[in-house]
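Asks: Give me the fold of what follows.
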Amino acid sequence: RLAVLAGPAGIGKTRFCLENFSRLLHESKTPLARDLLYILPSAEHRERMVDLMLRKEGGGFFGERVVTFNRLMHELLKAGDFSLVTDVGRRFLIEAIVEKGGGEYFSSVSSFPGFLERIAEFIGELKESMVGLEAFRQSVKKLGEETPELKGKYVGLLQIYEAYETGLEAPGLRDHRDGLFLLRETESHEKTLFPSFRHLFVDGFFDFSRSQLEFLHWLAQRSERVTLALTVDLSEERKGLFETPLETLKELEKFGFETVDLSRQTNYRTGSSSLRHIERNLFRSSQKPAES
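Replies: Modelled structure (predicted):
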């Protein structure tokens, strides 16, 4: 039900997903239903994939079914009764915080070029890591005790985060990067009926932020099937080259995904026997004989 197609680039993972996505589209009795989705990491990746499908299919209703994680999250959040802050609104809010000193510790440097961008990135990282205000407050307390010489810096960061959350709360706004918290809040308080999915295809990722991983888990609980393509080499001798996707694979397995090892599949990227020989043996230990 929850499968990770794991293997090196060029062995046909995306091809497999696209062929099955297309087959399920043709079999669907309700072409406009959103129960079948192809999820990608970015808008640019989505454009390339839609173009590839158009060349193969020639047309159809599949365009709205090819989405990014962020777009899908936004669409689901529309079911909730809350207003989301825009990118422009977020920037104005952070600018106001910085102009007031950006936390006592940073008051002397808050007007320096680049400080505003660093603070915006800092808040974004907290959101993507699903670190709420209370959790961050507890972390600052602990870090202050462990490293008292840096306590002022941690407290300054906490003051900025508190000012950001307060600035959103005053006009009744929410940050869309708190999406999973908002979805769960909507479910528990409003009993909103979120859609269920027949099959989700997830492609183009080698890593997930904590919020993306939790959102994927949330989606999987509402899906009959999820097929995820992950570019990774599972051989012992190449583990060092694929550390990040291997960690991703472990996280996915914790959520119940089963790994389908495709390492021995034929590589379709090239028909050259010489290049295939190099691909098989480039990182092989010198103590072992090369594969012919």
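Asks: Please name the residues that touch Phe255.
Replies: 2, 213, 216-217, 220 (C-beta atoms under 8 Å, 6 or more residues apart in numbering). Using the backbone N, CA and C atoms, a C-beta is placed for each residue, glycine as well.
Asks: where along this structure do the helices fall?
Replies: With helices called from DSSP state H, the chain shows them at 13-27, 43-57, 69-77, 87-99, 115-128, 133-146, 151-169, 179-190, 210-220, 243-254, 273-281.
Asks: And the average pLDDT for the longest one is what?
Replies: What it means is helix 151-169. Averaged across helix 151-169, the pLDDT comes to 94.
Asks: What distance do you get for Ser273 to Pro8?
Replies: Separation of Ser273 from Pro8 (C-beta to C-beta, to the nearest Å) stands at 17 Å.
Asks: again, but for Asp233
Replies: For Asp233, the distance to Pro8 - C-beta to C-beta - is 5 Å.
Asks: List the residues that are in contact with both of the two.
Replies: Listed as contacting both Asp233 and Pro8 by C-beta under 8 Å, 6+ apart are Ser263.
Asks: Nearest residue to the middle of this protein?
Replies: Centroid check for the chain by C-alpha atoms, centre = their mean gives Gln212 as the closest residue, at 3.7 Å.
Asks: and that one, what does it touch?
Replies: 69, 128.
Asks: what separates it from Leu275, distance-wise?
Replies: Gln212 is 34 Å from Leu275, by C-beta to C-beta.
Asks: Excluding chain neighbours, what is closest to Arg225?
Replies: Nearest residue to Arg225, sequence neighbours excluded (C-beta to C-beta, 6 or more residues apart in numbering): His199, at 4.6 Å.
Asks: give the contact list for that neighbour.
Replies: By C-beta under 8 Å, 6+ apart, the contact set of His199 is 20-21, 24, 35-36, 223-227.
Asks: Look up how far Leu228 lies from it.
Replies: To Leu228, His199 is 12 Å away according to C-beta to C-beta.
Asks: ok, now Ile278?
Replies: Taking C-beta to C-beta, one finds Ile278 at 29 Å from Leu228.
Asks: Neighbour count: those two, which is higher?
Replies: Leu228 (26 against 12; other C-beta atoms under 10 Å).
Asks: doesn't Gly204 make contact with that one?
Replies: No - with contact defined as C-beta atoms under 8 Å, Leu228 does not reach Gly204; the gap is 10.1 Å.
Asks: Against Ser129, how distant is the residue lying closest to Asp35 once chain neighbours are set aside?
Replies: Nearest residue to Asp35, sequence neighbours excluded (C-beta to C-beta, 6+ apart): Arg198, at 4.2 Å. Applying C-beta to C-beta, the value for Arg198 to Ser129 is 31 Å.
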